[in-house]
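1. next input, structure requested:
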Amino acid sequence: MDTETVLADFSLGGELPVRRLGLGTGGLVGPGYWGPRHDDPQRSVALLRRAVEHGVTLIDTADNYGPDVAEELVARALHPYPEGLVIATKGGVVRTGPDVWHLAGRPEQLRAGCEASLRRLRTDTLGLYQLHRLDPDVPMADQLGALLDLQREGKIRHIGLDSIDAAELIRAREIAPIASVQNRYNLLDRAAEDVLELCEQHGIAFLPWFPLGNGALTGAAGAVLTAVAARHGATTGQIALAWLLHHSPVLLPTPGTGSPAHLDENLAAGRIALTDGDLAQLSALA
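-> The predicted structure follows:
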């Protein structure tokens, strides 16, 4: 499989093209998603601009990263947004401290959160707005109904869901057009394979979070990754990202980082053409 085939653009909602390797902004905030990562915000601004200069067209953020910090950095770095750049953000979670968060899925909360994101991101329309978590205390129809109202008003172009199972995705699609899913998924953690299969069937983007395993790609798996990486003159992280791009045409990894060198390394993974032998060896790890 050649790199052009692997990296063919994906159309969100069937009409909004993005490159399949994007940038997540969780790496721009501090531990526990609290506060900024860097004392000097210009470092994060420069990194966001570098990503776009290197061809990234999908920026994945959330209102509770910081909170507010990541969205404000995106606007500071990239507004006015160039044509073709899609800003995806998330709402429905309120963060009150490092690694401390609460669900906020009532319709009035979702509307307030979306409108606050619009203000921070300095835009009238969000290309993709994802419900960060389904609130079990609020009917799904009420939560998605609030997003449908915002979509009809032109404030949201496409609707997505974060951390859902296959049954929830099936139910959600009966209520609203779902353009994306964002679940944990990587080379070793494929618990959401059934969700991925549904996404493939219906042309839904799957944005894997922790695409590099959050440090878990070690041990025996690390040995295999190291061997494959050596054959390609690549790093193990690049191979893990390349595997995602090869594994399914609906996978859109958005790895986060605060380092320009790591950003360049991640984006270079899109140029790696894994062989059938590589893919068989890597796919057997799970």
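2. what's the local residue count around R133?
-> R133: 20 surrounding residues under other C-beta atoms under 10 Å. Placement of C-beta: from N, CA and C, glycine included.
3. now it: which helix or strand?
-> For R133, there is no host helix or strand (DSSP states H and E).
4. what residues of stretch 98-108 count as buried?
-> Buried residues in stretch 98-108, counted by 16 or more other C-beta atoms under 10 Å: W101, L103, A104, G105, R106, P107.
5. cool, and stretch 73-90?
-> L73, V74, A75, A77, L78, Y81, L85, V86, I87, A88, T89, K90.
6. now the end-to-end length of it.
-> One end of stretch 73-90 sits 15 Å from the other (C-alpha to C-alpha, to the nearest Å).
7. repeat that for stretch 227-236.
-> Rule used - C-alpha to C-alpha; the end-to-end distance of stretch 227-236 is 9 Å.
8. ok, stretch 57-68 next?
-> 21 Å.
9. contacts only, for F210.
-> Going by C-beta atoms under 8 Å, 6 or more residues apart in numbering, F210 touches R184, Y185, N186, D189.
10. next, format the residues you listed as a markdown table and append neighbour count, pLDDT and distance to H202.
-> Supplementary listing: the contacts of F210 in a markdown table, determined by neighbours: other C-beta atoms under 10 Å; pLDDT from 0 to 100; distance: C-beta to C-beta, whole Å:
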| residue | neighbour count | pLDDT | distance to H202 |
| --- | --- | --- | --- |
| R184 | 16 | 97 | 20 |
| Y185 | 26 | 97 | 17 |
| N186 | 21 | 95 | 22 |
| D189 | 18 | 94 | 22 |
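11. now for the residues you listed, which pair is the farthest apart?
-> R184 and N186 (7.4 Å; C-beta to C-beta).
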